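Visitor: pasted the sequence and its predicted model underneath.
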Amino acid sequence: MMNSLTIRRPDDWHLHLRDGAMLAGVLPETTRHFARAIVMPNLIPPVVTSQDAAAYRERILAALPAGADFTPLMTLYLTEETDPADVAAAHASGLITAVKLYPAGATTNSASGVTDFDKVRGVLERMAEIGCPLCVHGEVVDPEIDIFDREAVFIDRVLDPIRRATPGLRVVMEHLTTADGVQYVRDSDGGLGATITTHHLIITRNHLLVGGIKPHYYCLPVAKRARHRDALVGAATGGDARFFLGTDSAPHTDPAKESACGCAGIFSSTNTLSCLAEVFEREGALDRLEAFASLNGPAFYSLPPNEETITLTKGLPVAYPETIETGAGPVTVFDPGFPLHWAVDE
Ligand code: DOR
Ligand code: ZN
């Protein structure tokens, strides 16, 4: 039996850091374990121009805990007004790593997202030319479509047409939640990757809805039934390099979650690696955790993997805080619902 696992230092390919007091409160939870993260641009107002991204990057760097070795990989929020030349310049200078597509209204702070996909065709074509990846929140917003079907319908109605119309565009399907999404990635012939969150490898919609509504398990895309969760576990642990870790750790204060209209988002930065080790161990796939958390993401983004390593050790159940205190208020940490035995050596 394995009791110790040393892997390259991981990265988080989908992370919400927010701003101000929340940023300062949650950033150490990521920098403790992760070397880099793709930082989501859905602030209020969103990060839409290269100027916005440069300023946000400076605020993140200024909030880093002393001694932290962490690189934020910035993104721009795609709007119908996005200037292809601004994207190209920001990408060429290394300021941004990707552009994020939110269908307008799909999720938290997505009001400035895209409604008419024809209006962003020029930007997408330019991104294909320069090799700038598009990170996609893949859910339709059509009120006629059931919330549990929104990812599968998005693939047919939006994603597949965009990919066919824009050959060479590199696309990351963010926070995959369905067997349909897994299959779409598996069937693709290049240029398509997908992030999978920690929580979608663990919870199903039962966690959210059985025995009372559990707002801390509410996120978007919403957790699906068990066969979808199991397909995600198969994808993450199966060794296919197109699947990699993006926690989508998304802090909201407890009052904002525990409300008659609670915010979507699960905060998992604190215990993500312990959770993942547990999931991979159950699948007999601990030897593939490094690929999922530390190698496949950099390979997709054409970046070198981190040189440093971290070691996880198995022992008595790990103590982790239920709540992180931030200057913006308390933030509940993801509860996987089972004890965690793997701890990152500090
Ligand atoms: O659960 C989510 N929270 N899903 C998203 O797409 C956005 C995120 C947030 O920003 O809170
Ligand atoms: Zn997200």
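Guide: All right, it came through fine. Residues are numbered from 1 along each chain as shown. Ligands and ions are numbered 1, 2, ... in the order given.
Visitor: quick check: closest non-adjacent residue to His341.
Guide: Lys314 (5.1 Å; Cβ to Cβ, 6 or more residues apart in numbering). Where C-beta positions appear, they are placed from N, C-alpha and C, glycine not excepted.
Visitor: ok, now which ones touch that neighbour?
Guide: Counting by Cβ atoms under 8 Å, 6 or more residues apart in numbering, Lys314 makes contact with Met2, Asn3, Ser4, Ala277, His341, Trp342.
Visitor: what about the nearest residue to Tyr184 once chain neighbours are set aside, how many neighbours?
Guide: In this structure, Tyr184 finds its nearest non-sequential neighbour in Ile155, 5.1 Å apart by Cβ to Cβ, 6+ apart. Residues near Ile155, counting by other Cβ atoms under 10 Å, number 20.
Visitor: dump the residue contacts of Ile155.
Guide: Counting by Cβ under 8 Å, 6+ apart, the residues that Ile155 touches are Gly138, Asp180, Gly181, Tyr184.
Visitor: now do the contacts for the closest residue in space to Asp69 that isn't next to it in sequence.
Guide: Using Cβ to Cβ, 6+ apart and skipping residues adjacent in sequence, the residue nearest Asp69 is Ala35, 6.8 Å away. By Cβ under 8 Å, 6+ apart, Ala35 lies in contact with Arg9, Pro10, Asp11, Asp69, Phe70, Thr71, Asn306, Glu308.
Visitor: of these, buried ones?
Guide: Neighbour counting by 16 or more other Cβ atoms under 10 Å classes Arg9, Pro10, Asp11, Phe70, Thr71, Asn306 among those as buried.
Visitor: make JSON lines from those and add distance to ligand 1 and secondary structure to it.
Guide: Listed next are the buried ones among the contacts of Ala35 as JSON lines, based on distance: Cβ to the nearest ligand atom, whole Å; DSSP: H, G, I helix; E, B strand; the rest coil:
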{"residue": "Arg9", "distance to ligand 1": "25", "secondary structure": "coil"}
{"residue": "Pro10", "distance to ligand 1": "20", "secondary structure": "coil"}
{"residue": "Asp11", "distance to ligand 1": "19", "secondary structure": "coil"}
{"residue": "Phe70", "distance to ligand 1": "20", "secondary structure": "coil"}
{"residue": "Thr71", "distance to ligand 1": "21", "secondary structure": "strand"}
{"residue": "Asn306", "distance to ligand 1": "26", "secondary structure": "coil"}
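Visitor: what is the most widely separated pair among these?
Guide: The two members of these with the most space between them (Cβ to Cβ) are Pro10 and Thr71, at 13.0 Å.
Visitor: and which of the contacts of Lys314 is nearest Lys224?
Guide: Distances from Lys224 to the contacts of Lys314, taken by Cβ to Cβ, are shortest for Ala277, at 23.5 Å.
Visitor: report the separation between that closest one and Gly246.
Guide: Ala277 is 17 Å from Gly246, where distance means Cβ to Cβ, to the nearest Å.
Visitor: likewise for Ile203?
Guide: For Ile203, the distance to Gly246 (Cβ to Cβ) stands at 16 Å.
Visitor: quick one, which of those two is more surrounded?
Guide: Using other Cβ under 10 Å, the more surrounded residue of Ile203 and Gly246 is Gly246, with 27 against 23.
Visitor: for Phe117, see how far away Val158 is.
Guide: From Val158 to Phe117 the distance is 6 Å (Cβ to Cβ).
Visitor: same deal with Ala54?
Guide: 28 Å.
Visitor: adding pLDDT, write the buried ones among the contacts of Ala35 out as TSV.
Guide: Output for those, formatted as TSV (pLDDT from 0 to 100):
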residue	pLDDT
Arg9	98
Pro10	98
Asp11	99
Phe70	98
Thr71	98
Asn306	98
